[in-house]
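S.K.: Would you be able to build a 3D model of this:
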Amino acid sequence: MLAPVSRALAQSLEGEFDKAFGMGANPAPVPVEPAPVVPSLPMQTASNPAYDARLLEIARREIGRAGNRLWRTDIVGIADFARPSTLPRFHFVNLEAGRIDSFRVTHGRGSDPEHSGFLHSFSNVPGSEATSRGAYVTCEWYYGKYGTSIRLEGMDRDNSNARERAIVMHPAAYAAPEHIARFGKLGRSEGCFAMSPGDFTQALAHLSGGRLLYADRISLT
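M.R.: Predicted coordinates:
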């Protein structure tokens, strides 16, 4: 049996050992790097001529339906919200060149309350923070919260409150590919069509100035 003095000395040495080597009752926490997010949603889609033909058909149909409310009819923007936010689903349909260029775009948080990456519902109700379906005419540029943006005018009953709801096209960091790498999907807007800042230059160059934007779930039937 250790004498009281020896026991005290042993306990003191044990305490010093614990401090030196990070042991004891409350060791300092070791920072842990978060594991990278592996997106569970698809990131690529195969080329589909039937789908491209459908986009061209919708572009021509909606131009005809809009009539003289449009100022330019060379390029139509079509947002296909049947696709998840990880896929390029905003299509610039160039009717003159017969070319389609596709990019990612967000949907509203009110359309995807659980943030699944899919749009579940449309709404035209003010305060819903949801995406509205239908045809829009692109209007003037303005400088807002996210920088240079494009105002939109809803032309259908399903998006008639676009101006009141401040539904616009704008760039946003939460629409960039880096957001998918970190969170597995794009962020959500308040109903606006938000694109990656790098991609949004395409909208400024090719879609503003009285052209048509159409949003819906696109099917091949």
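S.K.: next helix or strand past the lowest-mean-pLDDT helix or strand in the chain?
M.R.: Least confident helix or strand, the chain: helix 4-20 with a mean of 48, by mean pLDDT, DSSP states H and E. On the C-terminal side of helix 4-20, the closest following helix or strand by DSSP states H and E is helix 49-66.
S.K.: who's in contact with that next one?
M.R.: 70, 73, 76, 78, 80, 91, 93, 95, 98, 100, 135, 137, 155, 212, 214, 218-220 (C-beta atoms under 8 Å, 6 or more residues apart in numbering). C-beta: built from backbone N, CA, C; applies to glycine.
S.K.: Type out the ChimeraX command that picks the buried ones from those residues.
M.R.: Listed next is the ChimeraX selection for buried residues among the contacts of helix 49-66, using 16 or more other C-beta atoms under 10 Å:
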select :70,73,76,78,80,91,93,100,135,137,155,212,214,218
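S.K.: Counting neighbours, what do you get for P49?
M.R.: Number of residues near P49 (other C-beta atoms under 10 Å) recorded here: 7.
S.K.: measure it to D80 for me?
M.R.: Distance from P49 to D80, counting by C-beta to C-beta, to the nearest Å: 16 Å.
S.K.: Repeat that for D158.
M.R.: 16 Å.
S.K.: Run through the helices of the protein in chain order.
M.R.: For the chain, the helices defined by DSSP state H occupy 4-20, 49-66, 177-183, 197-206.
S.K.: And the last one, how far out from the chain middle?
M.R.: Right, the one you point to is helix 197-206. How far helix 197-206 lies from its chain's middle: 15 Å, per C-alpha atoms, centre = their mean, to the nearest Å.
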